[in-house]
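1. From the sequence below, what's the structure:
(2 chains)
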Amino acid sequence: MCASVSCESDYDEKKLIIRFETTRLDSRRPLVEARRANVIRIYENILNNSNKKRIALAGGYAAAEALRQVEPDVMAVYPITPQTTIIETFAKYKADGETETELIEVESEHSAMSACVGSSAAGARTVTATSSQGLAYMHEVLYIASGMRLPILMVVSARALSAPLNIHGDHSDVMGARDAGWIQIFSENAQEIYDNTIIGMKLAEKTKLPVMAIMDGFNTSHCVENLDLLQDAQVRSFVGEFSPERHLLDPENPVTFGPVALQNSYFEFKVQQEEAMEKSKAVYLEVAKEFERLTGRKKDFFESYELEDAESVIVLAGSTAGTTKDVVDALRREGRKVGLLKINLFRPFPVEEILVALKNAKNIAIMERVISPGTFPPIYNDIVAGLYQQVTGEKKNIQSIVYSLGGRDIFAKDIQKIFADLETEKVTKNIKYIGLNKA
Amino acid sequence: MNKELTKNFASGHSACAGCAFPTIVRTILAESPDPVVVSNATGCLEVTSTLYPYTAWKNSYIHSAFENASATISGVERAYKALAKKGKMKKKIKFVVFGGDGGTYDIGLQSLSGALERGHDFLYVVYDNGGYMNTGNQRSSATPYGAATETTPDGKESFGKVEMRKNLMEIVNAHHIKYAAQANVAYLADLKKKAKKAFETEGPVFLSVFSPCTNNWKFPTSQYVAIAKLATETNFWPLYEIEDGKYKINWSTENPKPIEEFLKTQGRFKHLFSEKNKGVIPEMQRILNDEWNRLAEKNNLHSV
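-> A predicted model of the protein is given here:
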């Protein structure tokens, strides 16, 4: 009789192999059986606890790890700072035989997204990653991906746009793509970009809509943080198999992708896309719930941090939530009613739910890492439009804030000042620029 | 219509009477031993074959945008490889791109270059009608010297396009691909042979096919084959192959017809016969002779 149990964790440094063999039946068998049962129990404990495995990774590496675990068939790669760590890490996985994914080393981001469109239309699970100019260069094809209802997943290390050239973090690139028909999920830290990459893949394939999982360039992509990783098998079973109804590689059922649709049909295509986007909110919650069951990590449209009775509230998306939470904690200890609403799902925009969460807020600062020359930045516009539509409710004072463009630091003292201004109702109708050098 | 002929590209498309590309598409795809997936650049072929809710394509087809047909097929081809590796894809499939000269020589050149360099297993076909015909006849880098287009019109101080055509075959050849050929819709047996060879060759392959445009070259719809034939007989459009870097001219004559024979059949060259532009045609003949001599030299170098 021969029995063998082996357990290999996913990471070399903690490689654990338990091997147990008997070659003959003899009087010691009950003892052997007992030992084996014991070993299996240990093995199961390791397995069960493995989703608690903590590891320190920068956001880019965390995203690359999640991308490996969702097992894409095809990944198109083109370098751009600060996304490059993702594709480099993935290329190394490939070089070491740790992934079967076909890498296409394209000659531009335009071709990266174009190759993704071809691959996804061919029925393959398809991913890519980009930043900044790369996302801007893809812009045309973003609309084609969503218009063809292709479930492409793209990780974005959000970065400023030229000119002048700046490689550091802000949200100019992803906000510029907000009407491209992609689901957009923001992440606060390495853990969240890891989680959102996995959630994004499943969400894309369930909704037939492309998904951007977004982290802040450098602030998150290059910041080493502790995070919990899932096992490969857990991720595999969470995302499941990708099997689209129609694809290009089925000669018995030929299909035409990307036809001409003129005045008599184009409009309907676009409205159907909007309907799918609207429906994707419920799907996001379903997927988030399932993810929570697997990991214990709660995911929602947004995170309410000390929001219930908060009168002065900051609304923002991305990595500045971390600093803001620290400030909220400190001010709460002083008995001040402050809170944070951190946006996770930005497209589709869950405006009704956000308004409910803000119902007790009197003074609100909406902080954005993007400038929209000639108007207010996007989150402000979306929330204020929603408030205007509301029939009931008290008037709220809302301050639009633009901060951290091109990677400009923001400090706890800046956030404290913003809360102090809210509390004293120093709220203006104009945009406030935080951290701007005085001329 | 002949069922075999229309097995990939059906009748009922809305291309102009006297347009060459339906013949080009059918002739080439008929040579594929396997089912094909077509990626098509934006252009006449695309808009006349896929007007929703209709499609002329009986094989699977994708149109993404103008400049990215090669990148799109790169994705399709790699998806095929990935799925085949996992045992999800058993059948053989061929991958073909069709693009006009605008989508190939100009806006799609980078995408084409990238796909050739990466070595995807696909056939790229440019149907070359020497300009942006779908948008109403503007000049491309494939427009011939002296041709009048909407953006290079004949005028008091202009005789039409002043630049020479881009030599795309040389650019393609610089990617070390195994097979590239220039063909002409008027020589179908030659086109068939080249398509067959292209499908038999692994890796990226390229066909450049002469495709007269009745609307914007301004000739009667019945004349597209006759005009195409003159293009080769005047050495304006030589038929040749580059196989593993070796050149082979497929058709030649000791006494090529003068270029006027080709020019006088088309409205786009009409202005060249005026007194004002009298120097242009001799210059065109000189350019043509130079190009032919360069090509002939390459052919001779390797024909020993």
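2. Tell me who's in contact with the closest residue to chain B within the stretch 301-439 of chain A.
-> Per C-beta to the nearest C-beta, the residue of the stretch 301-439 of chain A with the smallest distance to chain B is A:R347, at 22.0 Å. C-beta: built from backbone N, CA, C; applies to glycine. Contacts for A:R347 (C-beta atoms under 8 Å, 6 or more residues apart in numbering or on different chains) come out as A:R178, A:W182, A:I183, A:Q184, A:M277.
3. List the residues that contact the nearest residue to it once chain neighbours are set aside.
-> The spatially closest residue to A:R347, leaving aside those adjacent along the chain, is A:Q184, at 4.2 Å (C-beta to C-beta, 6 or more residues apart in numbering or on different chains). Listed by C-beta under 8 Å, 6+ apart, the contact partners of A:Q184 are A:V174, A:A177, A:R178, A:V211, A:M212, A:I214, A:L345, A:F346, A:R347.
4. Distance-wise, check the last one relative to A:P373.
-> Computed as C-beta to C-beta, to the nearest Å, the A:R347 to A:P373 distance reads 21 Å.
5. in the stretch 1-150 of chain A, which spans are strands?
-> In the stretch 1-150 of chain A, strands defined by DSSP state E, counting those that start in this stretch lie at A:54-58, A:74-77, A:102-105, A:126-130, listed in chain order.
6. Make CSV out of those and add mean pLDDT, mean neighbour count and distance to A:K299.
-> Supplementary listing: the strands of the stretch 1-150 of chain A in CSV, determined by pLDDT from 0 to 100; neighbours: other C-beta atoms under 10 Å in any protein chain shown; distance: least, C-beta to C-beta, whole Å:
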stretch, mean pLDDT, mean neighbour count, distance to A:K299
strand A:54-58, 95, 16, 19
strand A:74-77, 98, 29, 24
strand A:102-105, 98, 21, 29
strand A:126-130, 98, 31, 20
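7. Please identify which of these is closest to chain B.
-> strand A:102-105 (4.3 Å).
8. And the contacts of the closest one?
-> Under the criterion C-beta under 8 Å, 6+ apart, residues A:73-78, A:90-91, A:94, A:112, A:115, A:119, B:74-75, B:78-79, B:81-82, B:85, B:118 lie in contact with strand A:102-105.
9. still on that earlier bit, quick check: pLDDT value at the residue of the stretch 301-439 of chain A closest to chain B.
-> On the pLDDT scale, A:R347 is placed at 98.
10. A:R35 too?
-> A:R35 carries a pLDDT score of 54 in this model.
11. do the same with B:K264
-> We have a pLDDT of 98 for B:K264.
12. From B:A183, how far off is it?
-> Taken as C-beta to C-beta, the spacing of B:K264 relative to B:A183 amounts to 24 Å.
13. swap in A:A122?
-> If you go by C-beta to C-beta, the gap between A:A122 and B:A183 works out to 28 Å.
14. what's the closest non-adjacent residue to the closest residue to chain B within the stretch 1-150 of chain A?
-> As assessed by C-beta to the nearest C-beta, chain B sits closest to A:G118 within the stretch 1-150 of chain A, at 2.8 Å. Counting by C-beta to C-beta, 6+ apart, A:G118 lies nearest to B:G75, which is 2.8 Å off, once chain neighbours are set aside.
15. more neighbours, A:A122 and B:A183?
-> More crowded of A:A122 and B:A183, by other C-beta atoms under 10 Å in any protein chain shown: A:A122, with 32 against 28.
16. Spit out the contact partners of that one.
-> Contact analysis of A:A122 by C-beta under 8 Å, 6+ apart lists A:H247, A:L248, A:L249, B:V37, B:G75, B:V76, B:A79, B:Y80, B:L83.
17. Helix, strand or coil: sort out the fifth one for me.
-> Taken by DSSP: H, G, I helix; E, B strand; the rest coil, the conformation at B:G75 corresponds to helix.
18. Can you report how many residues lie near it?
-> Neighbours of B:G75 under the rule other C-beta under 10 Å: 36.
19. Quick check, pLDDT for it.
-> Among the per-residue scores, B:G75 holds a pLDDT of 98.
20. where does the chain dip in pLDDT?
-> Let's take chain A. Per-residue confidence for chain A (pLDDT under 70) gives these ranges: A:1-52.
21. ah, I was thinking of chain B
-> Within chain B, the stretches falling below the threshold (pLDDT under 70) are B:1, B:301-304.
22. what's the nearest residue to A:E394 if we skip its chain neighbours?
-> A:K362 (7.6 Å).
23. Run through the residues that contact that neighbour.
-> If a contact means C-beta under 8 Å, 6+ apart, then A:K362 has A:E311, A:S312, A:E394, A:K396, A:N397 as its contacts.
24. Out of the residues you listed, which end up buried?
-> Among these, those that count as buried by neighbour count (16 or more other C-beta atoms under 10 Å in any protein chain shown) are A:S312, A:K396, A:N397.
25. Just send those back as a markdown table, with distance to B:F9 and secondary structure too.
-> Converted to a markdown table, those look like this (distance: C-beta to C-beta, whole Å; DSSP: H, G, I helix; E, B strand; the rest coil):
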| residue | distance to B:F9 | secondary structure |
| --- | --- | --- |
| A:S312 | 66 | strand |
| A:K396 | 61 | coil |
| A:N397 | 64 | strand |
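26. List the contacts of whatever residue of chain B ends up closest to chain A.
-> Ranking the residues of chain B by distance to chain A (C-beta to the nearest C-beta) places B:G75 first, at 2.8 Å. Contacts for B:G75 were tallied using C-beta under 8 Å, 6+ apart; they are A:74, A:76, A:104, A:114-122, A:126.
27. go with 7 Å
-> In this structure, B:G75 makes contact with A:V74, A:A76, A:I104, A:S114, A:A115, A:C116, A:V117, A:G118, A:S119, A:A122, judged by C-beta atoms under 7 Å, 6 or more residues apart in numbering or on different chains.
28. Make a markdown table from those residues and add distance to A:F301 to it.
-> Rendered in a markdown table, the data for the contacts of B:G75 read as follows (distance: C-beta to C-beta, whole Å):
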| residue | distance to A:F301 |
| --- | --- |
| A:V74 | 30 |
| A:A76 | 30 |
| A:I104 | 34 |
| A:S114 | 32 |
| A:A115 | 32 |
| A:C116 | 26 |
| A:V117 | 28 |
| A:G118 | 33 |
| A:S119 | 30 |
| A:A122 | 33 |
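29. which one among the residues you listed gets closest to B:V96?
-> Among those, A:G118 lies closest to B:V96 (C-beta to C-beta), at 12.8 Å.
30. my guess is that closest one meets B:R78, correct?
-> No. Under the contact definition of C-beta atoms under 7 Å, A:G118 does not touch B:R78, with a separation of 8.2 Å.
31. Show me which of these two is the more surrounded one.
-> Neighbours per residue (other C-beta under 10 Å) separate A:G118 from B:R78, with A:G118 holding more: 35 against 27.
32. what number of residues lie near B:L188?
-> B:L188, neighbours per other C-beta under 10 Å, totals 15.
33. Roughly how far does the closest residue to it other than its chain neighbours sit from B:E117?
-> Leaving out its chain neighbours, the residue that sits closest to B:L188 by C-beta to C-beta, 6+ apart is B:T27, at 5.7 Å. According to C-beta to C-beta, B:T27 and B:E117 sit 28 Å apart.
34. again, but for B:P53
-> In this structure, B:P53 and B:E117 are 38 Å apart, going by C-beta to C-beta.
35. Around chain A, pick out the residues from chain B.
-> Residues of chain B that fall close to chain A, judged by C-beta under 7 Å from any C-beta of the partner chain: B:35, B:37, B:39, B:47, B:50-52, B:55, B:57-65, B:68, B:71-76, B:78-83, B:85, B:89, B:91, B:93, B:110-111, B:113-114, B:118.
36. among those, which are in helices?
-> The helices, defined by DSSP state H, take in B:47, B:71-76, B:78-83, B:85, B:110-111, B:113-114, B:118 from the residues of chain B next to chain A.
37. Off-centre distance for the longest helix anywhere in chain B?
-> Assignment by DSSP H gives helix B:280-302 as the longest helix of chain B. Computed by C-alpha atoms, centre = their mean, to the nearest Å, the separation of helix B:280-302 from the middle of its chain amounts to 20 Å.
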